[in-house]
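Q: What follows is a protein structure lacking sequence information:
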């Protein structure tokens, strides 16, 4: 039986093809297309939607973190991915699966082999003897707590390490389906894409290009290890863009009269640490994007040495405010629950109309883009970055007009191997899961939001009825989240 191998190139987009000649050749000579991400294009819900074939309202993952009614933060893990995944359907059908660095796969949902992701790398694999069975080592993921150049150089080492482990398993030919997420293609852009665009001859740019060449050579090795009956899929969860600056949501809400500043801060730090407010001076420094590469390592050093966290944002008077943004990454506006239904409807209508006059971002009513039993967990208004990246705030300024690299919605998809050589129309991230099932001749559940990419399939599709009530009968993953918290903060997600 042929194998299906999926390589997730996190954050990869067509502009990077100039640095990856082999991937470019595969992309241009095989069925390929642009792959639209979730709205907004956030890593956490994007990989959740990839796994389930559903938009956020039907699987319940909107961000890396959740906030309770007291605005205290907790990390999202696999127990909060509340929909059945495509690899569970494969497992049900007797397919052997191997998953490497796919978020939210722990606790395990299948009997297959799972190497923990960068969000849970302090946890044992599934099964616990996986590493010794294949004589491989645990994964390595960078902490990204140094300078931009140091971070990108460290990524080359972790990429090489993880590539060796995945290739060892691939050569054993024990699995029908294999997946590896290469996170370094996203992380390097957080630290190096701005440099690639504005200073292509800098040391950071040169290191970023070397890392992209490493990825390119690795994809070539994987493709060369496959038989003519195997299928290789290249895909990304979103793209990247160089925005003109930052749009601070809470500062805009304050300017428009929907938010009052006060003493309460948003909890997105380890509460065991002391928090030091940097006040107005810190907010001035925060607005100097060119200083960030210098300030970030200094902040990390102080945090490590003295167990002190820094807060750069103003506090919020939540009692007196009608609306606010809690998460730096989710880019949504949430309303005060004390508002009546009529007041909430009025505020949502007013904010959407006022943001329509902004060129920096777009605003969508959440009920227009999400549906399903978990749609009420979303913020009432979802922002999409256009010319400026939408962040939380308040920082004392609505806009920061300094270029910043961050996610956009345009990823890539390519199919190589034993598939029809048809040109593909643009597809959506949620279309990948049903396509994977179709390529392995596995029936597709009828509750997927995505549609299989028909041009790749040789046979008619069989559909099955999805379970009426899906429950993951597992407890929350235990483990120290300190390393994950630092990693997320260093990437700008906290």
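A: Perfect, I can see it now. Computed from a prediction, not measured in an experiment: that's the story for all the values here.
Q: Can you name the element that comes right after the top strand by length along the chain?
A: Counting residues, the longest strand found in the chain (DSSP state E) is strand 410-417. Sequence-wise, the next helix or strand downstream of strand 410-417 (DSSP states H and E) is strand 427-428.
Q: That following strand packs against which elements?
A: strand 32-36 (3 or more C-beta pairs under 8 Å, 6 or more residues apart in numbering; DSSP states H and E). Where C-beta positions appear, they are placed from N, C-alpha and C, glycine not excepted.
Q: so is the residue lying farthest from the centre of the chain in a helix, a strand, or just coil?
A: Within the chain, the residue lying farthest from the chain centre (C-alpha atoms, centre = their mean) is residue 342, at 34.7 Å. Three-state call for residue 342 (DSSP: H, G, I helix; E, B strand; the rest coil): helix.
Q: Which neighbouring elements make contact with the longest helix along the chain?
A: With DSSP state H setting the assignment, residue counts place helix 148-172 as the longest helix in the chain. The helices and strands touching helix 148-172, judged by 3+ C-beta pairs under 8 Å, 6+ apart, are strand 97-100, helix 130-134, strand 177-182, helix 184-198, helix 203-224.
Q: hang on, the earlier thing: what confidence value was assigned to the residue farthest from the centre of the chain?
A: For residue 342, the model assigns a pLDDT of 98.
Q: And the one 5 residues further on, by the same measure?
A: On pLDDT, residue 347 comes in at 98.
Q: which residues touch the closest residue in space to it that isn't next to it in sequence?
A: The shortest distance from residue 347 to any non-neighbouring residue, by C-beta to C-beta, 6 or more residues apart in numbering, is to residue 322 (5.4 Å). Residues in contact with residue 322 (C-beta atoms under 8 Å, 6 or more residues apart in numbering) are 258, 259, 335, 336, 339, 343, 347.
Q: Quick check on those residues: which are buried?
A: 258, 259, 335, 336, 347 (16 or more other C-beta atoms under 10 Å).
Q: of the residues you listed, closest to residue 208?
A: Minimum distance to residue 208 across the buried ones among the contacts of residue 322 is 37.6 Å, recorded for residue 259 (C-beta to C-beta).
Q: Distance from the helix or strand where residue 58 lies to the middle of the chain?
A: Secondary structure assigned from DSSP H and E places residue 58 in helix 56-59. Between the centre of helix 56-59 and the centre of its chain there are 15 Å (C-alpha atoms, centre = their mean, to the nearest Å).
Q: same question, stretch 26-39
A: On C-alpha atoms, centre = their mean, the centre of stretch 26-39 falls 17 Å from that of its chain.
Q: before we move on, what about stretch 317-324?
A: Per C-alpha atoms, centre = their mean, the centroid offset for stretch 317-324 relative to its chain is 29 Å.
Q: mind listing what's buried in it?
A: Those would be 318, 321, 322, 323, 324, for stretch 317-324 by 16+ other C-beta under 10 Å.
Q: quick one: average pLDDT of that stretch?
A: 97.
Q: next one: stretch 253-265
A: For stretch 253-265, the per-residue pLDDT averages 94.
Q: Which parts of the stretch 251-400 of the chain are helices?
A: Using DSSP state H, counting those that start in this stretch, the helices of the stretch 251-400 of the chain run over 279-286, 292-306, 341-355, 366-369.
Q: Other residues contacting the third one?
A: Residues lying outside helix 341-355 but in contact with it, judged by C-beta under 8 Å, 6+ apart, are 252-253, 256, 258, 322-323, 333, 335, 339, 361-365, 380-381, 383.
Q: Okay, and which of those map to strands?
A: Reading strands off those with DSSP E, I get 323, 333, 335, 361, 362, 363, 364, 365, 381, 383.
Q: List buried residues within these.
A: Taking 16+ other C-beta under 10 Å as the criterion, what is buried in the ones in strands among the contacts of helix 341-355 is 323, 333, 335, 361, 362, 363, 364, 381, 383.
Q: Please name the residues that touch the closest residue to the first one other than its chain neighbours.
A: What that stands for is residue 323. Once flanking residues are discounted, residue 323 sits nearest to residue 258: 4.4 Å by C-beta to C-beta, 6+ apart. The contact partners of residue 258, by C-beta under 8 Å, 6+ apart, come to 321, 322, 323, 324, 347, 351.
Q: quick check, nearest of the ones in strands among the contacts of helix 341-355 to residue 439?
A: residue 364 (32.4 Å).
Q: Against residue 81, how distant is residue 52?
A: Using C-beta to C-beta, to the nearest Å, residue 52 is found at 7 Å from residue 81.
Q: Common neighbours of those two, please.
A: Residues touching both residue 52 and residue 81 (C-beta under 8 Å, 6+ apart): residue 59.
Q: between the strand or helix carrying residue 407 and helix 184-198, how big is the angle?
A: Residue 407 belongs to strand 404-408 when assigned by DSSP H and E. Here strand 404-408 runs at an angle of 130 degrees relative to helix 184-198 (axes from the mean of the first three to the mean of the last three C-alpha atoms, to 10 degrees).
Q: Which parts of the protein belong to which domain?
A: If you go by automatic domain parsing, the domain ranges for the chain are 4-242+406-490, 243-404.
Q: Out of the ones you listed, which one sits most buried?
A: domain 4-242+406-490 (a mean of 19; mean count of other C-beta atoms under 10 Å).
Q: Find the least confident helix or strand in this structure, judged by mean pLDDT.
A: strand 274-277 (a mean of 52; mean pLDDT, DSSP states H and E).
Q: hmm, back to that, can you lay out the helices and strands packed on helix 148-172 as CSV showing mean pLDDT and distance to residue 470?
A: Formatted as CSV, these follow (pLDDT from 0 to 100; distance: least, C-beta to C-beta, whole Å):
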stretch, mean pLDDT, distance to residue 470
strand 97-100, 98, 18
helix 130-134, 97, 26
strand 177-182, 98, 20
helix 184-198, 97, 29
helix 203-224, 98, 33
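Q: Out of these, flag the one nearest residue 456.
A: Among the helices and strands packed on helix 148-172, the nearest to residue 456 by C-beta to C-beta is strand 177-182 (15.5 Å).
Q: Parallel or antiparallel, list what pairs with the closest one.
A: Strand 177-182 has the following sheet partners, assigned by DSSP bridges: strand 4-9 (parallel), strand 97-100 (parallel).
Q: Same list, these, but as a markdown table with distance to residue 220 please.
A: Below are the strands paired with strand 177-182 laid out as a markdown table (distance: least, C-beta to C-beta, whole Å):
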| stretch | distance to residue 220 |
| --- | --- |
| strand 4-9 | 11 |
| strand 97-100 | 18 |
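Q: Return the member of the buried residues of stretch 317-324 nearest to residue 132.
A: The shortest approach to residue 132 among the buried residues of stretch 317-324 belongs to residue 324, at 49.4 Å (C-beta to C-beta).
Q: beta partners for that closest one?
A: Beta-bridge partners for residue 324, by DSSP bridges, are residue 334.
Q: now it: how far from residue 334?
A: If you measure residue 324 against residue 334 using C-beta to C-beta, the figure is 6 Å.
Q: Please apply the same query to residue 156.
A: Between residue 156 and residue 334 the computed distance is 40 Å (C-beta to C-beta).
Q: Could you do residue 263 as well?
A: As for residue 263, its distance to residue 334 is 19 Å (criterion: C-beta to C-beta).
Q: Could you do residue 106 as well?
A: 28 Å.
Q: Need the distance between the two termini of stretch 173-183.
A: Across its full length, stretch 173-183 reaches 24 Å between end residues, using C-alpha to C-alpha, to the nearest Å.
Q: can the buried ones among the ones in strands among the contacts of helix 341-355 go into CSV with extra columns for distance to residue 407?
A: Formatted as CSV, those follow (distance: C-beta to C-beta, whole Å):
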residue, distance to residue 407
323, 24
333, 19
335, 25
361, 13
362, 15
363, 18
364, 16
381, 19
383, 13
